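Asker: from the sequence below, what's the structure:
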Amino acid sequence: MNPFDSPGGEAALEYDDGEFHIVKPGSYVVCAITNVRIPLKKLRYWNVDKQEAYADAAAAMIGFGHGERA
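Answerer: Residues are numbered from 1 along each chain as shown. Next up, the predicted model:
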């Protein structure tokens, strides 16, 4: 089974530099800033130090401390 074809529900991931590892299978993670569900196939932004995912570049900038929370 491809890790992206896992059953529905929230996945638990371990974020590393340039890649992530699936700890608990699922089909999405939740953005730490916007609370939007991010399908694993579309996950592009995360913070290794904080171990959190971001829905887009704007949310990542806030997560990294370079922007303002709405």
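Asker: just give the number of residues close to residue 8.
Answerer: Per other Cβ atoms under 10 Å, the neighbour tally for residue 8 reads 9. For every residue, glycine as well, the C-beta is placed using N, CA and C.
Asker: so what's it up against?
Answerer: 26-27 (Cβ atoms under 8 Å, 6 or more residues apart in numbering).
Asker: helix/strand/coil for it?
Answerer: coil (DSSP: H, G, I helix; E, B strand; the rest coil).
Asker: which phi and psi does it have?
Answerer: phi -60, psi 170 (degrees, to the nearest 10).
Asker: do the same with the one 3 residues further on
Answerer: The phi and psi values for residue 11, taken as degrees, to the nearest 10, are phi -90, psi 160.
Asker: that one touches residue 20, doesn't it?
Answerer: No: counting by Cβ atoms under 8 Å, residue 11 stays clear of residue 20, with 9.2 Å between them.
Asker: higher neighbour count, the two?
Answerer: Between residue 11 and residue 20, counted using other Cβ under 10 Å, the more crowded position is residue 11 (24 against 18).
Asker: neighbours of the residue nearest to that one when sequence neighbours are not counted, how many?
Answerer: Spatial nearest neighbour of residue 11, excluding adjacent residues (Cβ to Cβ, 6 or more residues apart in numbering): residue 26 at 3.1 Å. Neighbour count of residue 26, defined by other Cβ under 10 Å: 17.
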